[in-house]
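Trainee: Would you be able to build a 3D model of this:
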Amino acid sequence: MKPIIAGVHDIEELGVPRSMVLDLFYRLLFQEREVSVQRFSDVLCVSKRLADELLGKMKLENMVEVPRTIGNGLNSMSYIYRLTEAGTKNARDAMERSQYVGPIPVPIDLYNESVEIQYANVENITPTNVRASLKDLILPANFDRRVGAALNAGTSLFLYGPPGNGKTTIAQICGDLLAGTEPIFIPHALTISGQIIQLYDKLRHVEISEDDEFLEQFGRWDKRWLPIKRPSIMVGGELNLNHLELRYEEVARVYEAPLQMKANGGMFLIDDFGRQQVSPTELLNRWIVPLETRIDFLRLQSGQTFEFPFKQLIVFSTNLDPAELVDDAFLRRIQIKVEVNGPDEKMFYELFRIMCGHLRIPFDKDGFVHLLKNWYRGKNRVMQGAHPRDLLKTIQAICDYSGEEPNMGPAMIDEACTSYFVDMDKEKSWASQTIIE
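Mentor: Residues are numbered from 1 along each chain as shown. Sure thing, here's the model as predicted:
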């Protein structure tokens with residue numbers, strides 16, 4: 001897209017106030033004392049030509065001086081700069097306004113435009129790719145059609161059903177499929193009304209290496225933007241409403257973007273929905289307008305409110321009863337709802353065969369029949385999709401310890417099940433009621 005895939009060689013093309021650019025030059029000099037033109041270019045993500053031009057003007061104004069040069073020292077590109085006394089005063093003032101030192105921010109309007117363009121041009125995910133990614137899961141026929149439709153629509157998906165049947169795995173596969181499409185560009189930081197918002201998060205964003213193939217596809221671009229895989233951000237019980245708002249760092253005087261802004265262009269998964277630190281009602285009230293309008297709003301400390309696109313696949317995954325969590329008004333705004341149920345005996349059999357192959361444990365039909373008869377039918381236990389993997393890993397651990405060859409014989413099945421299952425209905429003779437006085 002044109003706003004991103006372009007080199008910036010003039011300060012006016014940066015789209016931010018000249019004073020903000022100067023503050024960043026001053027802060028870098030204040031922190032590092034002596035700085036080369038190349039260093040300015042690398043840290044602030046501007047061209048060396050632009051850095052050289054601005055530093056030349058600062059030198060004429062007696063804000064910086066050149067104590068030495070590097071290389072042959074024949075031109076200004078080889079200069080090492082440091083602050084003068086007058087420049088140091090300006091640098092201290094710049095540090096009072098903010099301590100952010102990094103790529104020059106991108107205006108919020110340009111960021112909003114980029115999200116809209118990159119969202120509109122997202123690469124479609126084919127049925128072949130979806131089915132291939134889900135191949136290790138035993139799922140009902142045509143299950144991929146619902147998940148694939150949600151991925152290509154890029155709006156919302158509600159996964160619900162009993163625990164242990166792969167909802168989180170399905171959601172993570174959705175994130176991996178999105179990440180495997182064409183990368184997106186995001187700015188390191190944004191600016192609005194003179195304030196700076198850090199968007200790039202090295203813990204949540206995966207940077208794309210700029211190899212020859214990538215450069216051939218995208219050419220040169222404004223280095224304030226970073227090519228990343230489409231993000232896949234997952235949160236669970238730790239989520240609270242503060243994670244969905246701007247976070248202001250009092251010392252650094254800079255904002256950090258909320259999670260839904262960091263997830264733009266990719267996927268935002270709320271796992272174990274209903275078990276967050278905030279009540280489902282409060283969380284849904286926060287989401288209901290963005291889900292409808294695809295626009296979200298944030299507020300600066302000054303009270304100023306601004307909008308930005310809410311363009312991501314948002315996935316809710318829960319093993320609680322949806323009727324007790326949400327109302328019809330909310331569900332109506334979720335485009336696709338998918339129930340993920342436990343396997344029947346036929347699917348359970350297939351899961352065991354697949355997992356035996358993965359873990360290199362010989363499948364034993366007699367052991368499987370013994371398992372069904374004595375540990376499921378006899379105890380009226382509900383089968384879960386995670387049980388084959390967990391039971392076989394338990395067998396593997398027992399055999400690693402004992403030195404036996406891993407096997408699915410009835411005796412080993414009994415030992416693994418005894419270690420794995422807890423009979424929640426049976427009263428424990430050693431348990432006593434705790435009395436709090």
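Trainee: Contacts only, for Met347.
Mentor: Contacts for Met347 (Cβ atoms under 8 Å, 6 or more residues apart in numbering) come out as Ile138. In this view, the C-beta of every residue, glycine as well, is placed from N, C-alpha and C.
Trainee: Per-residue pLDDT of it, please?
Mentor: Met347 is assigned a predicted lDDT (pLDDT) of 89.
Trainee: so which strand or helix has it?
Mentor: Element membership for Met347 (DSSP states H and E) is helix 345-359.
Trainee: ok, now Arg68?
Mentor: Assigned by DSSP H and E, Arg68 falls in strand 64-69.
Trainee: by contact count, what packs against the helix or strand just after that strand?
Mentor: Going down the chain from strand 64-69, the next helix or strand is strand 79-83, by DSSP H and E. Identification of packing neighbours for strand 79-83 by 3 or more Cβ pairs under 8 Å, 6 or more residues apart in numbering; DSSP states H and E yields helix 18-32, strand 35-36, helix 48-60, strand 64-69.
Trainee: quick one: the longest one to chain centroid distance?
Mentor: Read it as helix 18-32. In terms of Cα atoms, centre = their mean, to the nearest Å, the centre of helix 18-32 is set 31 Å apart from its chain centre.
Trainee: List the buried residues in that helix.
Mentor: For helix 18-32, the neighbour count (16 or more other Cβ atoms under 10 Å) marks 20-30 as buried.
Trainee: Redo those as TSV? Include distance to Pro187 and pLDDT.
Mentor: Converted to TSV, those look like this (distance: Cβ to Cβ, whole Å; pLDDT from 0 to 100):
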residue	distance to Pro187	pLDDT
Met20	14	95
Val21	15	95
Leu22	20	96
Asp23	18	97
Leu24	14	97
Phe25	19	97
Tyr26	21	97
Arg27	18	97
Leu28	18	97
Leu29	23	97
Phe30	24	97
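Trainee: now, which of these sits nearest Ala323?
Mentor: Taking Cβ to Cβ as the measure, Ala323 lies nearest Met20 of those, at 51.1 Å.
Trainee: State the distance from the closest one to Ile336.
Mentor: 43 Å (Cβ to Cβ, to the nearest Å).
Trainee: Likewise for Ile197?
Mentor: Taking Cβ to Cβ, one finds Ile197 at 31 Å from Ile336.
Trainee: quick one, which of these two is more surrounded?
Mentor: For the pair Ile197 and Ile336, the greater number of neighbours falls to Ile197 (27 against 17), based on other Cβ atoms under 10 Å.
Trainee: Now do the SS call for Leu269.
Mentor: State at Leu269, reduced to three classes by DSSP: H, G, I helix; E, B strand; the rest coil: strand.
Trainee: cool, Ile288 as well?
Mentor: Quick answer, by three-state DSSP: Ile288 is helix.
Trainee: Let me know the secondary structure of Lys337.
Mentor: Lys337 - assigned by three-state DSSP - is strand.
Trainee: So what pairs up with it in the strands?
Mentor: Note on Lys337: beta-bridge partners by DSSP bridges are Phe158.
Trainee: Tell me which residues touch it, please.
Mentor: Residues in contact with Lys337 (Cβ under 8 Å, 6+ apart) are 157-158, 160, 322, 331.
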